[in-house]
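**Q** Prediction below, plus the sequence it came from.
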Amino acid sequence: MVTVNKQTPAKKKSKISLFNRVNKWLHLWLGLISGIIVLIVCLTGCIWVFHEEIEGLLEPETKVERQDKAVLTPSQLSSIAFGLYPDKVPAYANYQQGRAINLTLRGVKDDGRRGGGTLLKINPYTGEVISKVVREKDEVDFFRFILNGHRFLWMPYEIGRPIVNYGTLVFVVLLITGLIWWYPKKWNKSTTDKSFKIKWGASFKRVNLDLHNVLGFYSLLFLLAIALSGMVYGIKWYSEGLYWVTSGGEKLAEYKRLESDSLQAGKQYTPKQAMDLAWNKVIRKHPMSMGFYYNFPDTSKAKTSINITVYPTAGQFYNSEGYTFDQHTLKELKRDDVYSTAYAGASFSVKLRKMNYDIHVGSILGFPGKVMAFLASLIGASLPVTGFLIWYGRKFKKKKGKKGGDAGTGAVGKKELAANPVLKPKLRVVAKEEKPVLAANARIDQSYN
């Protein structure tokens, strides 16, 4: 006869209690350790989400209505740049329909190292230079400064980048442990109200607790999507593992920079001719594309290739298609990485990887998605602040109250009462008035514990 060992209710309760204690401990200390990282990454992230829209508002002159004519070719852009800055060379151009073309120039010093950068904003149809911005070496604009903070906390890249990457991983753990902590033991009207509603008329302590718990719950799925997609760019084992899981065991192909055949230099095309021919090839394939990015081949380096990416939809990048050409022979060079694969015929794992940036900034759902990403990031930035205030209030305010004795709560001590019998009626009145407040505070502490 086989006997089955059943756990007693007491043992089950003990295991659940231990799990909850470990969960709370992890949530508390991981939150305190990573709080400043989460705060900076989330704040810079919610600013970056709308950087294109903000730039458009600040520079209304760069808005250009779509016209039924071809945009300027790479050689035309090069000629405009050379007329203004003969000592600089074009590095790359990017464009989104409805805006000016951004043409970035780089100065080349005598020793061959790259110098400062110059940004020209050019009307894509007329060639009019709308604005010019000249930057010294290592100088960045506001949004580049925000992006640097988001990616590596304004530290040296090799130090700050891993901190952000693994700080984001810790944040994912915090979201999961927070959900477990949030989940009520019993569902009733009282716990439902506490879990889903913010009691705005309550004390600061209660409102702060509600902001942490309730807003944290509502933003959970969005924050998980943002954090998990962000780790794809920084943690190699996670990126490869995610692709392996979603592809059913396939290995993620590494990105390799393709090079031109330097032995063919000067035999067929000049870099300027090759750039225009490559551009025309791509545009004939995608005449309705609403944006593009391409680099100009570096004439000082014969091995550099021409890379052109087209964006069929304005403001979205998941369905982009990239092409690489030899700058001397115009031969198309084939890449094996996921980003060079056409979205329409791609597998689920490749589609998911191509959607990763749009998921990260919310643009996968268009403008409403970016609004949700902005609000979720803003809430994410608030969680370390509200969480710290909860911990600080419990850790230090209670100790302070204990040191002050009964006087710290507004009540009167026994010795003082014995020496002053007249105070008896006042004591009873104060205690009666404070009962609801003390009971409410006790409920808040209990919910946190």
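**A** Arrived safely, thanks for sending.

**Q** Name the spans of the stretch 251-400 of the chain whose pLDDT lies under the cut-off.
**A** Residue ranges of the stretch 251-400 of the chain with pLDDT under 70: 397-400.

**Q** quick one, helices of it?
**A** All helices of the stretch 251-400 of the chain, identified by DSSP state H, counting those that start in this stretch, fall at 271-285, 348-354, 356-361, 366-392, 398-403.

**Q** Just name the most buried of those helices.
**A** Ranked by mean neighbour count, the helices of the stretch 251-400 of the chain are led by helix 356-361 with a mean of 21 (mean count of other CB atoms under 10 Å). C-beta: built from backbone N, CA, C; applies to glycine.

**Q** Tell me which of the helices of the stretch 251-400 of the chain lies nearest to residue 40.
**A** Across these, residue 40 has its closest neighbour in helix 366-392 (8.3 Å, CB to CB).

**Q** returning to what we had before: want to try a markdown table for the helices of the stretch 251-400 of the chain, with distance to residue 221 as columns?
**A** Output for the helices of the stretch 251-400 of the chain, formatted as a markdown table (distance: least, CB to CB, whole Å):
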| stretch | distance to residue 221 |
| --- | --- |
| helix 271-285 | 38 |
| helix 348-354 | 16 |
| helix 356-361 | 12 |
| helix 366-392 | 9 |
| helix 398-403 | 35 |
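
**Q** which one of those lies closest to residue 15?
**A** Of those, nearest to residue 15 by CB to CB is helix 366-392, at 26.1 Å.

**Q** Which secondary structure elements does the biggest helix by length in the chain sit against?
**A** In terms of residue count, the longest helix belonging to the chain (DSSP state H) is helix 9-49. With contacts taken as 3 or more CB pairs under 8 Å, 6 or more residues apart in numbering; DSSP states H and E, helix 9-49 sits against helix 142-152, helix 157-182, helix 366-392.

**Q** relative to helix 157-182, how tilted is it?
**A** 130 degrees (axes from the mean of the first three to the mean of the last three CA atoms, to 10 degrees).

**Q** okay, how far is it across stretch 359-375, tip to tip?
**A** End-to-end distance of stretch 359-375 (CA to CA, to the nearest Å): 14 Å.

**Q** how distant is it from the center of its chain?
**A** 11 Å (CA atoms, centre = their mean, to the nearest Å).

**Q** between the helices of the stretch 251-400 of the chain, which one is nearest to residue 326?
**A** Nearest of these (CB to CB): helix 271-285, 7.8 Å.

**Q** now that closest one, how far from the centre of its chain.
**A** Worked out by CA atoms, centre = their mean, helix 271-285 lies 34 Å from the chain centre.

**Q** just stretch 204-216 next, same as before
**A** Per CA atoms, centre = their mean, the centroid offset for stretch 204-216 relative to its chain is 24 Å.

**Q** What mean pLDDT does it get?
**A** Averaged across stretch 204-216, the pLDDT comes to 96.

**Q** Buried residues, that stretch. List them.
**A** By neighbour count on 16 or more other CB atoms under 10 Å, the buried set for stretch 204-216 is 205-206, 208-216.

**Q** just these now: which is nearest residue 173?
**A** Out of those, the member with the shortest distance to residue 173 (by CB to CB) is residue 216, at 13.8 Å.

**Q** so the closest one sits in a strand?
**A** No: counting by DSSP: H, G, I helix; E, B strand; the rest coil, one finds residue 216 to be helix, located in no strand.

**Q** quick one, what contacts residue 383?
**A** Counting by CB atoms under 8 Å, 6 or more residues apart in numbering, residue 383 makes contact with 31, 38, 174, 178, 212, 215-216.

**Q** Quick check: the gap between it and residue 56.
**A** Using CB to CB, to the nearest Å, we find residue 383 at a distance of 31 Å from residue 56.

**Q** try residue 296
**A** Note on residue 296: its distance to residue 56, by CB to CB, is 25 Å.

**Q** Those two: which is more packed in?
**A** residue 296 (26 against 15; other CB atoms under 10 Å).

**Q** Spatially nearest residue to that one, not counting backbone neighbours?
**A** residue 90 (4.6 Å; CB to CB, 6 or more residues apart in numbering).

**Q** does the one you found sit in a helix, a strand or a coil?
**A** strand.

**Q** Same question for residue 105.
**A** strand.

**Q** What's the local residue count around it?
**A** 23.

**Q** if I look at it, how far off is residue 209?
**A** Separation of residue 105 from residue 209 (CB to CB): 54 Å.

**Q** and stretch 175-192, which residues are buried?
**A** So, applying 16+ other CB under 10 Å, buried residues of stretch 175-192: 175, 177-178, 181-182.

**Q** Relative to residue 332, which of those is nearest.
**A** Using CB to CB, the buried residues of stretch 175-192 come closest to residue 332 at residue 175, 44.1 Å.

**Q** Wait, the closest one touches residue 225, no?
**A** No: at 10.7 Å, residue 175 does not count as touching residue 225 under the criterion of CB atoms under 8 Å.

**Q** Tell me if residue 117 really is in a strand.
**A** Yes: applying three-state DSSP, one finds residue 117 inside a strand.

**Q** Leaving aside the residues adjacent along the chain, what's closest to it?
**A** Residue 117's closest residue in space is residue 135 (CB to CB, 6+ apart), at 5.2 Å.

**Q** if I pick the one you found, what's in contact with it?
**A** 116-119, 141.

**Q** Who are the contact partners of the most centrally placed residue in the chain?
**A** Central residue of the chain (CA atoms, centre = their mean): residue 45, 4.5 Å from the mean position. By CB under 8 Å, 6+ apart, residue 45 lies in contact with 150, 226, 373, 377, 380.

**Q** got any ranges where the stretch 101-250 of the chain has weak pLDDT?
**A** If you take pLDDT under 70 as the line, the stretch 101-250 of the chain has these spans: 108-116.

**Q** Could you count how many residues lie near residue 78?
**A** Here the number of neighbours of residue 78 (other CB under 10 Å) works out to 21.

**Q** Secondary structure element holding it?
**A** helix 74-84 (DSSP states H and E).

**Q** what's the angle from that helix to helix 271-285?
**A** 140 degrees.

**Q** neighbouring contacts of helix 74-84?
**A** By CB under 8 Å, 6+ apart, the list of residues contacting helix 74-84 reads 72, 88-90, 93, 101, 103, 105, 120, 122, 127, 129, 132, 272-273, 275-276, 279, 294, 296.

**Q** Which positions within that helix qualify as buried?
**A** 74-75, 77-78, 80-81.

**Q** can I get the buried residues of stretch 204-216 in TSV with distance to residue 327 and secondary structure?
**A** Formatted as TSV, the buried residues of stretch 204-216 follow (distance: CB to CB, whole Å; DSSP: H, G, I helix; E, B strand; the rest coil):
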residue	distance to residue 327	secondary structure
205	66	helix
206	66	helix
208	60	helix
209	61	helix
210	60	helix
211	56	helix
212	56	helix
213	58	helix
214	57	helix
215	52	helix
216	52	helix
